[in-house]
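*Asks:* any chance you could fold what I've pasted below:
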Amino acid sequence: MLQKSFRIDVMMDDKTFRDFMLFDCFRYRKVWKRPVFFAVAFTVFAALCFAMRSTREQADLLGTVLLTIGLGLPLVYFALFFRTIADQVKRLGLSKPRLFYTIQLTDASDGIQMSAKGAKDQTFTWEKAERAYRTDDVVYFYVAPGSAVVLPLRDVKQGGEKLWEFLRAQLGEARLTTL
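*Replies:* The predicted model follows:
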């Protein structure tokens with residue numbers, strides 16, 4: 001018989017938070033594309049300059065500047081990204097697992113409720129829920145476009161398989177992805 005509701009007290013820790021941020025930014029939102037395209041474009045321009053060094057004055061200098069900018073700015077971008085994650089982990093006090101929020105899932109049409117200490121309770125509908133991604137130890141559930149909740153399977157009392165089966169019944173197979 002299919003479980004009718006789930007109450008999940010999400011205990012967030014630094015690893016779970018980092019893993020989600022990496023998934024959300026690099027796999028879901030694909031923010032890596034622009035810096036990589038920038039680096040490739042500037043590297044190509046630098047290679048063209050280096051190829052023209054025998055026919056153009058200071059082509060080596062321009063190629064070096066383009067290569068430095070093309071590789072340096074994306075490196076700074078990614079370094080700042082990882083530093084921001086580390087700062088968020090510290091600011092949120094995630095060095096030890098702590099109760100982050102509670103999710104209540106039911107089979108009602110507006111059956112996704114989220115509550116967190118110090119925040120306004122939120123309700124989402126199954127119709128507007130975007131999709132769910134499952135890894136070995138967590139489900140990233142996008143309850144609205146660009147808005148996700150992290151559901152560590154260790155926090156699901158009924159078990160990860162029953163949660164995934166429930167999500168399949170509510171969302172349909174097309175909106176589920178196993179990673």
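
*Asks:* would you map the helices across the protein?
*Replies:* Remark: helices assigned in the chain by DSSP state H are 14-22, 33-51, 59-92, 160-171.

*Asks:* got JSON lines for the ones you listed, with mean neighbour count and mean pLDDT too?
*Replies:* Every residue, glycine included, has its C-beta placed from N, CA and C. Listed next are the helices of the chain as JSON lines, based on neighbours: other C-beta atoms under 10 Å; pLDDT from 0 to 100:
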{"stretch": "helix 14-22", "mean neighbour count": "17", "mean pLDDT": "96"}
{"stretch": "helix 33-51", "mean neighbour count": "15", "mean pLDDT": "96"}
{"stretch": "helix 59-92", "mean neighbour count": "14", "mean pLDDT": "95"}
{"stretch": "helix 160-171", "mean neighbour count": "17", "mean pLDDT": "93"}
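
*Asks:* looking at those, spot the one closest to E130.
*Replies:* Ranking the helices of the chain by proximity to E130 (C-beta to C-beta) places helix 160-171 first, at 8.9 Å.

*Asks:* may I have that closest one exported as CSV, CA atoms only?
*Replies:* Output in CSV follows, covering the C-alpha atoms of helix 160-171 (Å, rounded to 0.1, in the frame of the first residue of the first chain):
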residue,chain,number,x,y,z
GLY,A,160,14.1,6.2,0.8
GLU,A,161,12.4,3.7,-1.5
LYS,A,162,8.9,4.5,0.0
LEU,A,163,9.6,8.3,-0.4
TRP,A,164,10.7,7.8,-4.1
GLU,A,165,7.6,5.6,-4.7
PHE,A,166,5.4,8.4,-3.2
LEU,A,167,7.1,11.0,-5.3
ARG,A,168,6.6,8.9,-8.4
ALA,A,169,2.8,8.6,-7.6
GLN,A,170,2.6,12.4,-7.2
LEU,A,171,4.9,13.7,-9.9
